[in-house]
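Asks: With the input below, show me the fold.
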Amino acid sequence: MGSTGGGGHHHTSTGGGTGRSYSGSSSNGANSIILLIFLVGVIIYLYSFVKRLIISVRETSDTHKVVGLAKWMLMPNMTISQFKNRLEEHQISLGHTHQLDDELVQTLIDTYAKAQFTYGQSIRRCFTGNRDYLNILKQQLGYTFLKTMQVEIKNKAAEGIIDDVMVNRGKMLAAKQVSANVIIAKLQAFGLDNEVNVLSQFNSSFKRQQWTDYVVFGRETENAEWKIYNIVYGAHFHLNGKDYNKQASLDKAKITEQHLEVSPELVKQAKAYKQRITWQKRCLILIPLTLIILALLYWITVPAAVILY
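Replies: Reported below is the predicted structural model:
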């Protein structure tokens, strides 16, 4: 009733009423901002949780779909010594390949060769921003290993690295058929592996023509097609040719470091991709940080303004 009172008290009452209204709306605004931040945090947490859950379920699906495939076989980026220890723990010994049919051996070598070539092409497609750069590779790799390669492809593309691999022929040095659908093999490849950092004046490049890897092959029960579920690389290199795992290579062939040329168009694509990735990373950090800072400033300054008023 005071706000509608008559006479000389009209302006005072109206002023008091306005002040109370401003304070209430400011408090509600601050509470709304806090609630919004809380909801955004919950949404981000739930999204991360669901994403991890989906990945975990899909990774588990590899072992469910392929009889005899164990979870330890899918561990990414294993060193040679780690892999050998796991083989010993599970009493798996790789022996002569006589136990495998010649046609099967060639099929596995061909699968490895196709996957290596497709891997190199996937990096090039990633440069161009092609969202389907994994479409062909997913036909040759199991889900868990595909995700490992996806991370590696993105990292290499972001650094301006191409890795062109061409396997002309292969030789299976040793193998063990763990089950009807799982084969672990020590495979030697002959061909060409060129790794070039196109953003470093081509000074960080290496070339090899022979290498050896451990490969975990598998196939689903209802599918006769063999896929690669993991590769334990026989040698891990920095671009200067050094082995960052400090492990002995499976192959005695040496790495040749040299100036490897690529097309100017590829260099242009690599620079553009790196700029896009850098911008995306900055946005992912700056946008949430900016929103949080603005919310905090609003929360701090608005009550202070009400008190001063």
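
Asks: Pass me the low-pLDDT residue ranges in the protein, would you?
Replies: Low-confidence segments of the chain (pLDDT under 70): 1-40, 55-59, 201-204, 236-248, 252-263, 294-309.

Asks: any chance you could map the strands in it?
Replies: 161-179, 182-197, 205-218, 227-232 (DSSP state E).

Asks: Could you dump these into CSV with mean neighbour count and distance to residue 53 added?
Replies: Quick note: C-beta positions are derived from backbone N, CA and C, even for glycine. Below are the strands of the chain laid out as CSV (neighbours: other CB atoms under 10 Å; distance: least, CB to CB, whole Å):
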stretch, mean neighbour count, distance to residue 53
strand 161-179, 17, 28
strand 182-197, 20, 26
strand 205-218, 21, 24
strand 227-232, 23, 21
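
Asks: closest one to residue 120 among these?
Replies: Comparing the strands of the chain against residue 120 with CB to CB, the closest turns out to be strand 161-179 (4.3 Å).

Asks: Report the inter-axis angle for that closest one versus strand 205-218.
Replies: 30 degrees (axes from the mean of the first three to the mean of the last three CA atoms, to 10 degrees).

Asks: would you list the strands of the chain in JSON lines and tack on distance to residue 121?
Replies: Shown next, in JSON lines, are the strands of the chain (distance: least, CB to CB, whole Å):
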{"stretch": "strand 161-179", "distance to residue 121": "8"}
{"stretch": "strand 182-197", "distance to residue 121": "13"}
{"stretch": "strand 205-218", "distance to residue 121": "18"}
{"stretch": "strand 227-232", "distance to residue 121": "16"}
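
Asks: what's the closest of the ones you listed to residue 283?
Replies: Closest among the strands of the chain, using CB to CB: strand 161-179, at 23.6 Å.

Asks: Could you check how far the closest one is from the centre of its chain?
Replies: From the chain centre to the centre of strand 161-179 is a distance of 23 Å (CA atoms, centre = their mean, to the nearest Å).

Asks: Could you name the helices and strands sitting against that strand?
Replies: Packing contacts for strand 161-179, counted by 3 or more CB pairs under 8 Å, 6 or more residues apart in numbering; DSSP states H and E, involve helix 102-127, strand 182-197.

Asks: The shortest one vs strand 161-179, what angle?
Replies: In this structure, strand 182-197 runs at an angle of 170 degrees to strand 161-179, with the same axes, to 10 degrees as the basis.

Asks: Please apply the same query to the first one.
Replies: Helix 102-127 and strand 161-179 are oriented at 150 degrees to each other (the same axes, to 10 degrees).

Asks: one step back: out of the strands of the chain, flag the one nearest residue 106.
Replies: Residue 106 sits nearest to strand 161-179 of all the strands of the chain, at 8.7 Å, using CB to CB.

Asks: how about that closest one as CSV, C-alpha atoms only?
Replies: What follows is strand 161-179, C-alpha atoms only, in CSV (Å, rounded to 0.1, in the frame of the first residue of the first chain):
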residue,chain,number,x,y,z
ILE,A,161,53.7,-35.1,-40.5
ILE,A,162,52.8,-37.4,-43.4
ASP,A,163,53.7,-41.1,-43.2
ASP,A,164,53.4,-42.9,-46.6
VAL,A,165,53.8,-46.6,-46.3
MET,A,166,53.9,-49.1,-49.2
VAL,A,167,54.4,-52.8,-48.4
ASN,A,168,55.6,-54.6,-51.6
ARG,A,169,56.0,-58.0,-49.9
GLY,A,170,56.0,-59.5,-46.5
LYS,A,171,57.3,-62.5,-44.6
MET,A,172,55.8,-64.1,-41.5
LEU,A,173,58.7,-64.9,-39.3
ALA,A,174,56.8,-66.6,-36.5
ALA,A,175,53.2,-67.0,-35.4
LYS,A,176,50.8,-68.5,-32.9
GLN,A,177,47.1,-69.3,-33.5
VAL,A,178,45.7,-68.5,-30.1
SER,A,179,42.2,-69.6,-31.2
